[in-house]
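J.: would you be able to build a 3D model of this:
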Amino acid sequence: MRRMIRFTILLSAFLLLLGWVSNASAKGALMDSSTKVKIKVIHVGDAGSFTGDAASPCMEIFNSAQVAVDEWNAKGGIHGVKIKHIMGDDALDPAQAINVAHKFVADKLMYGVIGPPMSHIAQATMKIYGSANLACITTAASKPNLTEQGYKHFFRVNARNDSHGWNCALFIKNYLKAKKVAVLNEKVAYCENMAKETIKGLKKLGIKNIMQETIVAGAKDYSSVLTKVKAYNPDVLFFIATAAPDQAIGVRQAKELGIKATFLGTEGARDKKDFIEASEGAAEGAYVYHFAPDIYSIPAAANYVKKFEKKYGTISGFGPPAYEAMNIMLSAISKAAADGKITRKEVVQELHKVKNYKGILGFPITFNAKGDLEGGATYFFKVVGKDFKQVAVMTGK
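T.: Below you'll find the model as predicted:
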């Protein structure tokens, strides 16, 4: 009897030890079931324009995503495996973006990408990421057809241009009370599409007096086209450019030429340094639209704001969606790896299950079958002094 009891005790101890050893060896390591690669660190890429005219908002995107990564790593990472956040700089150049995409795809430890935030860059890299089942969550790319091409890997936490364009038309008519509008846009995917959607909306609302001209990114001088705008004498000048420095030049030269129209800038202009400060006072009273709300008014975002500002400085508005996107991505990776094994395809599948995710943006995030955000809004800000004041939220009504 004593022998039996002793044997039972020893067996139990052995099984407990075996379980402990098994758990200890499993902790800090996962297996990719498609490549049979042992994963001791999880890579998540961040594709954006970290040098050049869009560097300021893109660095805010990267740093905000890093805040999320740091929080996850502080809690042990994903099932004991640490997360490494890797920058991929496209410098706003589609050719360079393709190189970044190939590099990320070739990385066998890469399970998700935040970005790209620019529509023409997202378009240039769509097939590369899609063919490799590498999940991408953009924080800003808004051209509608990005999610109309049959790819399953691409998701957005921002609304599309067909929503933004209609909302901008509503804002121009109902808030700015315009009857005559000038639209200037760059010849790139996002800008051309945004101009098209807004003009379509304006016409639907009964505004027929519309002037449209194209501008060149980085031109440094828009006086020739702005002289035409002055002769047209519109109520609103909608300046659709990708980066804030171009919009700062636009609003400053418009004021120098004596154009009385209300200036409306796009999402890229929501940058305190590169738009408000760079305009040398000319941006005062100007409006911009954006894909993200005033983060300071959302209680759930207070902890993120505190951490970001302590380490990186002020927030213009591009960062909060990236913090949200990274948390959603890491949650999907964690669920995909719950059984100790993971594939990129499983991460994509988990992202398609995202419903009513409540984070810091003040609204729940749900991805539809195409990967688009359901129920997204457009936020409008006015330049007041050295900051942006949210003045309206448009939801298509």
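
J.: contacts, neighbours, all on C-alpha from now
T.: Noted.

J.: what's the neighbour count on the residue lying closest to residue 150 once chain neighbours are set aside?
T.: Excluding the flanking residues, the one nearest residue 150 by C-alpha to C-alpha, 6 or more residues apart in numbering is residue 370, at 7.8 Å. When neighbours are counted by other C-alpha atoms under 10 Å, residue 370 registers 18.

J.: sec struct for residue 370, please.
T.: When classified by DSSP: H, G, I helix; E, B strand; the rest coil, residue 370 comes out as coil.

J.: do the same with residue 230
T.: helix.

J.: and for residue 380?
T.: When classified by three-state DSSP, residue 380 comes out as strand.

J.: specify the beta-bridge partners of it.
T.: residue 289, residue 392 (DSSP bridges).

J.: distance of it relative to residue 176?
T.: Per C-alpha to C-alpha, to the nearest Å, residue 380 is found 11 Å from residue 176.

J.: quick one: the helices in the stretch 201-350 of the chain, in order.
T.: Along the stretch 201-350 of the chain, the stretches classed as helices by DSSP state H, counting those that start in this stretch are 223-232, 244-256, 302-312, 319-336, 344-351.

J.: for residue 397, which of those helices is the nearest?
T.: Closest to residue 397 of the helices of the stretch 201-350 of the chain, according to C-alpha to C-alpha: helix 319-336, at 23.5 Å.

J.: restrict that closest one to CA atoms and write it as PDB.
T.: This file holds the C-alpha atoms of helix 319-336, laid out as PDB (Å, rounded to 0.1, in the frame of the first residue of the first chain):
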ATOM      1  CA  GLY A 319      -1.000  58.700 -34.600                       C
ATOM      2  CA  PRO A 320      -4.100  57.500 -32.800                       C
ATOM      3  CA  PRO A 321      -5.400  55.400 -35.700                       C
ATOM      4  CA  ALA A 322      -2.000  53.700 -35.800                       C
ATOM      5  CA  TYR A 323      -2.100  52.800 -32.100                       C
ATOM      6  CA  GLU A 324      -5.500  51.400 -32.800                       C
ATOM      7  CA  ALA A 325      -4.400  49.500 -35.900                       C
ATOM      8  CA  MET A 326      -1.400  48.000 -34.200                       C
ATOM      9  CA  ASN A 327      -3.400  46.800 -31.200                       C
ATOM     10  CA  ILE A 328      -5.900  45.200 -33.600                       C
ATOM     11  CA  MET A 329      -3.100  43.600 -35.600                       C
ATOM     12  CA  LEU A 330      -1.400  42.200 -32.500                       C
ATOM     13  CA  SER A 331      -4.700  40.900 -31.100                       C
ATOM     14  CA  ALA A 332      -5.300  39.000 -34.400                       C
ATOM     15  CA  ILE A 333      -1.700  37.600 -34.300                       C
ATOM     16  CA  SER A 334      -2.300  36.500 -30.700                       C
ATOM     17  CA  LYS A 335      -5.500  34.700 -31.600                       C
ATOM     18  CA  ALA A 336      -3.900  33.100 -34.600                       C
END
